[in-house]
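Undergrad: here's my sequence, what's the structure:
(2 chains)
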Amino acid sequence: MTQTIIVVGAGHAGGQAVATLRQKGFDGRIIMIGDEPYVPYERPPLSKAVLAGELEVERTFLKKDTWYPDKQIDFRANTQVTAIDRRAKTVTTSHGENLAYDKLLLATGTRVRKLQAPGAHLENIFYLRAIDDTLAIRKQMKPGAKVVIVGGGYIGLEVAAVAVKMGCDVTVLEGLDRVMSRVVAPEVSAFYDKVHTDAGVKIRTGMAVTGFEGHGKVERVTCADDSFFPADLVVIGVGVLPNVELAADGDLAVDNGIVVDEYCQTSDENVWAAGDCTNHPNALLGRRLRLESVQNAVDQAKTAANAMCGELKEYAEIPWFWSDQYDLKLQIVGLSEPGDEVVIRGNPAERKFSAIYLRHGKFVAINAINMIKDFMAAKKMIAAGTQLDPVRAADPEVPLKDL
Amino acid sequence: MAKILITNRDGEQSEIEGEIGISVMENLRDNDYELEAICGGQCSCATCHIYIDDAWLSKVGARNDEENELLEELDCVQPGSRLSCQIEFSEDLDGLTLTIAPDE
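TA: Okay, here's the model as predicted:
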């Protein structure tokens, strides 16, 4: 009898999962359900090349839209899954259909965290998560436009870099005392602060946004210290939340993410989950975590698809990320923590350096800025649990891989 | 019509009609070759590594600096190594012959 696999979510994980299922020779029925009008696409360019108008939307698609019918993948766009009945093994869609599955993959991803503040409903206040968000923001990003960005993390700063290049008047309001504080060391934050400031972006840290004012459209952003910032448009990037409600309502184990094992299997043997929405174990890191990253989405999707085809390959990868701002290629491997020893290797003034993070002498993470060789070497060294001498590591003349 | 001749990781050979004006990586991905291409063509990850057949090496041009740095750190780098995201497919490359490099 023909098996049916339903994939809920058509983001990077959902798209990779259906591709891997067919590559593995799964010849049953595949239904992929996504709430956007688009086939699965790359999200990272949305705050970079797509926003800048340098990359067409179609070129972000993981596969052309014709690929899905060619591979007999029943892709339902503009559709939400509203409920899972695990006993009946069915899902209900927003169109009122009940679809039966043998195996289910939840690739529900995350959604933006919304600011609950007076005036948050005003026009020209945007969040950036999907293609349509980017297209809407781009329309408003005219030269001279006053752009206020709430949140000095990756999204906020990537948008700032594009906006200032387009001739906008850009202000970034960060609530904490430095930009990118959750992901990089103070030295790296200071570097990015300077780069943006030199480019003409006004960075204001320690700013608690209290609300938005305007007549229909946003006109200014107000802060707790009574300061305010005129705005033609506002882009808010203050983090994301995992989409776990569907899983929780279906009585699957949920704890800051859908709880899965090393094979991406949930607490139900017929249900798997992959990507940003999962709380998963990682043997290399020695703990459970939830990750917002493309690498994690792709690798977990493959792990889940393999497992659904009966091939058990444990998921254990050192996380890695990247962020392009201006001419700076920031590549990150591993997860740093407050308290890690930070070694700066190279010269920030030359826009070419790495921040190396050591925990009890062990190499645990790196931020490589225009230091591609360090990034590549670090991937292997961190996975291997290498001990580093901080003095030698600080010398950029010694190749990292020789340490 | 311009063709690309491909040997996959299992050593199987096949050919595709290449789409002009997009990268070789996008052509491989659209045609379902197992290729990670995680960074999507930003020259940030080296997961779209291929080997260009000797006869085609000069025609595809030279590696750029960033690409070179990424490739040099791979265990399975060879003289014909390229990142497929950094080669735009064109009519001039009709018949391009390549092998998909192992997953590292």
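Undergrad: phi, psi of whichever residue of chain A sits closest to chain B?
TA: When scored by CB to the nearest CB, chain A has residue A:376 as its residue closest to chain B, at 3.3 Å. All C-beta atoms are positioned from the backbone trio N, CA, C, and that covers glycine. The phi and psi torsions at residue A:376 (degrees, to the nearest 10) take the values phi -60, psi -40.
Undergrad: per-residue pLDDT, the spatially closest residue to it that is not a sequence neighbour?
TA: Nearest residue to residue A:376, sequence neighbours excluded (CB to CB, 6 or more residues apart in numbering or on different chains): residue B:73, at 3.3 Å. For residue B:73, the model assigns a pLDDT of 92.
Undergrad: what of residue A:215?
TA: pLDDT, residue A:215: 97.
Undergrad: about what we covered before: residue contacts, the residue nearest to residue A:376?
TA: Neighbour list for residue B:73: A:372, A:373, A:376, A:377, A:401, B:46 [criterion: CB atoms under 8 Å, 6 or more residues apart in numbering or on different chains].
Undergrad: the second one - nearest residue in space that isn't next to it in sequence?
TA: So the one you mean is residue A:373. Ranked by CB to CB, 6+ apart and with sequence neighbours excluded, the top spatial neighbour of residue A:373 is residue B:69, at 5.3 Å.
Undergrad: can you map out the helices along the chain?
TA: Picked chain A for this. All helices of chain A, identified by DSSP state H, fall at A:12-23, A:67-70, A:131-140, A:154-165, A:186-199, A:245-249, A:294-308, A:372-383, A:390-393.
Undergrad: nope, chain B please
TA: Ranges of helices in chain B, per DSSP H, are B:24-30, B:57-60, B:65-72.
Undergrad: buried set for the longest one?
TA: If I follow you right, that is helix B:65-72. Neighbour-count burial for helix B:65-72 flags B:66, B:67, B:68, B:69, B:70, B:71 (criterion: 16 or more other CB atoms under 10 Å in any protein chain shown).
Undergrad: and the angle for that helix with helix A:372-383?
TA: For helix B:65-72 against helix A:372-383, the angle by axes from the mean of the first three to the mean of the last three CA atoms, to 10 degrees is 30 degrees.
Undergrad: contacts for helix B:65-72 next, please.
TA: A:329, A:372-373, A:376, B:43, B:45-46, B:49, B:63, B:77, B:81-83, B:86.
Undergrad: neighbour-wise, which one of the residues you listed leads?
TA: Counting neighbours by other CB atoms under 10 Å in any protein chain shown, residue B:83 leads the contacts of helix B:65-72 with 29 neighbours.
Undergrad: wait, what's in contact with it?
TA: Neighbouring residues of residue B:83 by CB under 8 Å, 6+ apart: B:25, B:43, B:46, B:48, B:49, B:50, B:63, B:67, B:70, B:71.
Undergrad: find the residue closest to the second one in space, skipping its chain neighbours.
TA: Going back to what we said before, that points to residue B:43. residue B:66 (4.9 Å).
Undergrad: same question, residue A:186
TA: Nearest one to residue A:186, counting by CB to CB, 6+ apart, is residue A:178 at 6.2 Å.
Undergrad: the one you found contacts residue A:190, doesn't it?
TA: Yes. Contact status for residue A:178 versus residue A:190: in contact at 7.2 Å, counting by CB atoms under 8 Å.
Undergrad: and those two? Which one has more around it.
TA: For residue A:178 versus residue A:190, neighbours defined as other CB under 10 Å are more numerous around residue A:178 (18 against 14).
Undergrad: picking up where we left off before, can you give me the distance of the residue of chain A closest to chain B to residue B:32?
TA: Counting by CB to CB, to the nearest Å, the separation of residue A:376 from residue B:32 is 27 Å.
Undergrad: again, but for residue B:46
TA: Going from residue B:46 to residue B:32 by CB to CB gives 21 Å.
Undergrad: circling back to that earlier point, dihedrals phi and psi, the residue nearest to residue A:376?
TA: According to degrees, to the nearest 10, residue B:73 has phi -90, psi 0.
Undergrad: distance check, it against residue B:26.
TA: 24 Å.
Undergrad: same question, residue A:239
TA: Taking CB to CB, one finds residue A:239 at 31 Å from residue B:26.
Undergrad: more crowded one of the two?
TA: The residue with more neighbours, out of residue A:239 and residue B:26, is residue B:26; 24 against 13, by other CB under 10 Å.
Undergrad: report the contact partners of the more buried one.
TA: Taking CB under 8 Å, 6+ apart, one finds A:59, B:19, B:41, B:85 in contact with residue B:26.
Undergrad: follow-up on the earlier one: surely the residue of chain A closest to chain B touches residue B:45?
TA: No. Counting by CB under 8 Å, residue A:376 does not reach residue B:45; the two are 9.3 Å apart.
Undergrad: output the below-cut-off pLDDT ranges for chain A.
TA: Judged against pLDDT under 70, chain A has no low-scoring part.
Undergrad: what's the local residue count around residue 42?
TA: Chain wasn't specified; assuming chain A. 23.
Undergrad: other chain: chain B
TA: Using other CB under 10 Å, residue B:42 has 18 neighbouring residues.
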